[in-house]
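I'd like to go over a predicted model; first the sequence, then the structure.
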Amino acid sequence: MSLPQQLRGKSDFDQLPDNIPISATIADIEEKKGFIDYFRFVIEVKTKGGSKYLIYRRYREFFNLHQILESRYSPEDPDRPGPNTCALPTLPGRVFFFFFLPKIAFQSVKCSSAIPELNTYMKRLLSLPTWLLLDDDLRMFFYQTEQDSQQLPRALRRLRPPTRKVKTVKTTNDLFSSPRAEAISDFCGSSKAELNLKAGDLIFLLHRVNGDWLEGTVNDQTGIFPESFVKIIKPLPESESEDEGEGPNCSCLRCYMLTPSGVQTRDVCVQEDLNIRPTHKELLSRMRDIFSVDDIALNYRDHQGDLIRVLDDEDVLLMIDAGRARVAATIPRPVNQFPWELHVTLASDFSVYNTDA
């Protein structure tokens, strides 16, 4: 019995618009290194009309949606729901995903084992009565926004991209001129899109899918495979190795740590647009991690070169504006470097400031 027929009347389901999401599955988890490092789920959504697309959501977005739905539809007495109430599925707790642990590396195996919990939650959520599926917040959560459509998934462990036709090598010249690799150990693909490799296989390379996966042809089969299982004999041309249309992978923020013993300079790479305006809290947290010091203060230099302490989000905007003005006037920078700098000092050190009247 199909899911819609099992959990709701067929006639009600038929009346839903074609763009209503009816299933959602987590394809991968991506780590984002911004001013605050975080993780997001890459989710494949299928609509009633049969279309599929990817959306990108953080756990806090799941939590916010669940809070909204509970406030609207959760019955006060679970045993006696009213006409406009519904028993909602249980959202897995944030602690389950290990996202709360400070300064601990992402545990991909444990996070991967948690994926079925969220998949089950989304399955039950999208199996609720049809009137709840029309809730605006629920629909917006599963709809592909313009920002979603512009994202390029980095990995997709569970949903691999479609592969191209088999590459035929006809001549000896083709054999020695084609980009190729040799399998150094066996690899068993987990889907039809992935190649099966045996140690010693010669793979003709077609395309770099992302930083970890390649696409190629071996034994008249084309598919994708992890680069870690092969030795590159002749690499792909640069145009084939990089994702099309992408600029620098990271933006660079120049930071200085000023202490009585000297100055440390760091270039911090973040996956944020150069026009981003981070919050004071985000910057403070990131600098504590970068310099391994908790009792710090953030500062910037004004047009006269004096240090000005940053205390809140409004000061961050002043710092960005001041930095842009200084860069435009005197300081050439790489295209992927933020036009503003961050000066970090000990919170108790006031000697760095110009206190002259």
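Ah, there it is.

contacts, neighbours, all on C-alpha from now
Fine.

I320 is in what secondary structure piece?
Taking DSSP states H and E as the definition, one finds I320 inside helix 313-329.

Identify each buried residue in that helix, please.
Using 16 or more other CA atoms under 10 Å as the test for burial, helix 313-329 gives D315, V316, L317, M319, I320, A322, G323, R324, A325, R326.

for stretch 64-71, same thing?
In stretch 64-71, counting by 16+ other CA under 10 Å, buried: H66, L69, E70.

Among those, name the ones in helices.
The members of the buried residues of stretch 64-71 that map onto helices under DSSP state H are H66, L69, E70.

picking up where we left off before, now do the helix holding I320: which elements does it pack against?
Counting contacts by 3 or more CA pairs under 8 Å, 6 or more residues apart in numbering; DSSP states H and E, helix 313-329 is packed against strand 296-301.

Return the list of strands paired to the strand it packs on, each annotated with direction.
Sheet pairing of strand 296-301 (DSSP bridges) gives strand 307-310 (antiparallel), strand 342-346 (antiparallel).

Now name the helix or strand holding K231.
strand 230-234.

residues touching D201, list them.
Contacts for D201 (CA atoms under 8 Å, 6 or more residues apart in numbering) come out as E182, A183, V218.

Name the nearest of those residues relative to T25.
V218 (30.6 Å; CA to CA).

biggest strand in this structure, by residue count?
Using DSSP state E, we find that the single longest strand of the chain is strand 21-33.

With respect to E282, which of the ones in helices among the buried residues of stretch 64-71 is nearest?
H66 (25.3 Å).

mind listing what the closest one touches?
Counting by CA under 8 Å, 6+ apart, H66 has contacts L91.

returning to what we had before: which one of the strands paired with strand 296-301 lies closest to I296?
strand 342-346 (4.4 Å).

Wait, F41 touches E30, no?
Yes. Using CA atoms under 8 Å, F41 is in contact with E30, at 6.4 Å.

quick one on the thing from earlier: now, which of the contacts of D201 lie within strands?
Under the assignment DSSP E, the contacts of D201 contribute E182, A183, V218 to strands.

Rebuild those residues as a markdown table, extending it with distance to M140.
Below are these laid out as a markdown table (distance: CA to CA, whole Å):
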| residue | distance to M140 |
| --- | --- |
| E182 | 46 |
| A183 | 45 |
| V218 | 43 |
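
Now flag whichever of those is closest to L202.
Nearest to L202 among the ones in strands among the contacts of D201, with distances taken as CA to CA, is E182, at 4.7 Å.

Look up the closest residue to the closest one, ignoring the ones flanking it.
Closest residue in space to E182, ignoring its immediate chain neighbours: L202 at 4.7 Å, by CA to CA, 6 or more residues apart in numbering.

residues near that neighbour, how many?
Residues near L202, counting by other CA atoms under 10 Å, number 21.

try N275
N275: 9 neighbours (other CA under 10 Å).

isn't there a strand covering it?
No. Using DSSP: H, G, I helix; E, B strand; the rest coil, the secondary structure at N275 is coil, not a strand.

quick one, domains of this protein?
3-149, 172-241, 251-346 (automatic domain parsing).

Centre of the chain to the last one, how far?
Read it as domain 251-346. Distance, stretch centre to chain centre, for domain 251-346: 24 Å (CA atoms, centre = their mean, to the nearest Å).

how long is it end to end?
26 Å (CA to CA, to the nearest Å).

pLDDT weak spots in the stretch 251-357 of the chain?
Within the stretch 251-357 of the chain, the ranges that satisfy pLDDT under 70 run 327-333, 355-357.

switch to 90 and redo it
In the predicted model of the stretch 251-357 of the chain, residues 251-254, 259-262, 264-278, 282, 285-286, 289-292, 301-306, 321-339, 349-357 satisfy pLDDT under 90.

just the stretch 1-150 of the chain next, same as before
Scanning the stretch 1-150 of the chain with the threshold set as pLDDT under 90 gives 1-20, 22, 26-42, 48-53, 58-60, 74-87, 90-118, 128-134, 145-150.

make it 70
Short version for the stretch 1-150 of the chain, where the test is pLDDT under 70: 1-13, 77-83, 94-114.

where along it do the helices fall?
3-7, 10-14, 59-73, 108-125, 130-133, 136-142, 146-149 (DSSP state H, counting those that start in this stretch).

other SSEs contacting the last one?
Going back to what we said before, that points to helix 146-149. Helix 146-149 packs on strand 52-57, going by 3+ CA pairs under 8 Å, 6+ apart.

For the strand it packs on, which residues meet the burial criterion?
L54, I55, Y56, R57.

try stretch 36-47
So stretch 36-47, judged by 16+ other CA under 10 Å, has buried residues I36, F39, R40, F41, V42, I43, E44, V45, K46, T47.

now the first one, nearest residue through space, not along the chain?
Taking CA to CA, 6+ apart as the measure, I36 lies nearest to E282, with 5.7 Å between them; neighbours along the chain are not counted.

what does the last one give?
For T47, the nearest residue in space outside its immediate sequence neighbours is P21; the separation is 4.1 Å by CA to CA, 6+ apart.

Same check on the fourth one?
The spatial neighbour of F41 that comes closest, neighbours along the chain excluded (CA to CA, 6+ apart), is I29 at 4.6 Å.

mind listing what I184 touches?
Taking CA under 8 Å, 6+ apart as the contact definition, I184 lies against K198, A199, G200, F229, V230, K231.
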